[in-house]
Structure formats: structure tokens, C-alpha cells
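Engineer: With the input below, show me the fold.
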Amino acid sequence: MKAQARFSLTSETQELISDIYQSLLPETDESISDRSVVSLSLEKEGLVLDIQSSDIISLRSALNTWLRLIQTAYDAASASY
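Structural biologist: Alright, predicted model coming up:
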């Protein structure tokens, strides 16, 4: 893999981070592209998104997709808090 990115997302409540993680976890079962590998984990510091790609173009595409998915999950989950 030639390009990679790692994001750690935190919130005031661990419950919100856990809800976002649970809603996005099924999306990790199937790869969007053969050129990128995505992993999502719930760690002490928060929700961690790791993306490894074969090139910078596929990294950008995967980042756009996953950051949008996270934003959508956050918007939906935070409405109940």
C-alpha cells in the first residue's frame, strides 16, 4: 500500500461514539474498492478510521466516502442526545 490515513474521532460522550461505530460497522464487511482497505475500530481514544490505499486517488475517494458516512451517522445519532 502506498497511501494511508488514520483518523481518531472523539465526542463528549462515549455513548455517541459507540452508536456511530455500531451503525457503520456493517459497512466494513464489503469493500467499496479493490484499491483501498478500510478498518473501523472503537478504541480508548475514540472511533478510529484507518484507510490504506494503493494510490493517492483511491485514498481520496475512500476518505470522501467514509468521512461522509461518519458525518451522516453522527447527525442521526446526535439528534437523540
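
Engineer: ok, now how distant is the residue nearest to the spatial centre of the chain from S31?
Structural biologist: In the chain, the C-alpha nearest the mean C-alpha coordinate belongs to L49, at 4.3 Å (Cα atoms, centre = their mean). Applying Cβ to Cβ, to the nearest Å, one obtains 15 Å for the distance of L49 from S31. C-beta here means a position set from N, CA and C on the backbone, and glycine is covered the same way.

Engineer: which parts of the helix or strand containing T72 are buried?
Structural biologist: Taking DSSP states H and E as the definition, T72 sits inside helix 56-78. Within helix 56-78, the residues that count as buried by 16 or more other Cβ atoms under 10 Å are 58-59, 61-63, 65-66, 69-70, 73-74, 77.

Engineer: which one in the residues you listed is the model shakiest on?
Structural biologist: Taking the buried residues of helix 56-78 together, the minimum pLDDT is found at A77 (91).

Engineer: hang on, isn't it packed against L16?
Structural biologist: Yes - between A77 and L16 a contact is recorded at 5.7 Å, counting by Cβ atoms under 8 Å.

Engineer: Doesn't L25 lie inside a helix?
Structural biologist: Yes - L25: assigned to a helix according to DSSP: H, G, I helix; E, B strand; the rest coil.

Engineer: May I have stretch 48-60 exported as CSV, CA atoms only?
Structural biologist: As requested, the backbone C-alpha atoms of stretch 48-60 are provided in CSV (Å, rounded to 0.1, in the frame of the first residue of the first chain):
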residue,chain,number,x,y,z
VAL,A,48,-10.6,5.2,14.7
LEU,A,49,-10.8,5.0,11.0
ASP,A,50,-7.8,3.5,9.1
ILE,A,51,-7.6,3.6,5.3
GLN,A,52,-4.8,2.0,3.3
SER,A,53,-4.8,2.5,-0.5
SER,A,54,-2.7,1.6,-3.5
ASP,A,55,-2.6,5.2,-4.6
ILE,A,56,-3.5,8.7,-3.6
ILE,A,57,-6.6,8.9,-5.8
SER,A,58,-8.2,5.9,-4.2
LEU,A,59,-7.2,7.2,-0.8
ARG,A,60,-9.0,10.5,-1.5
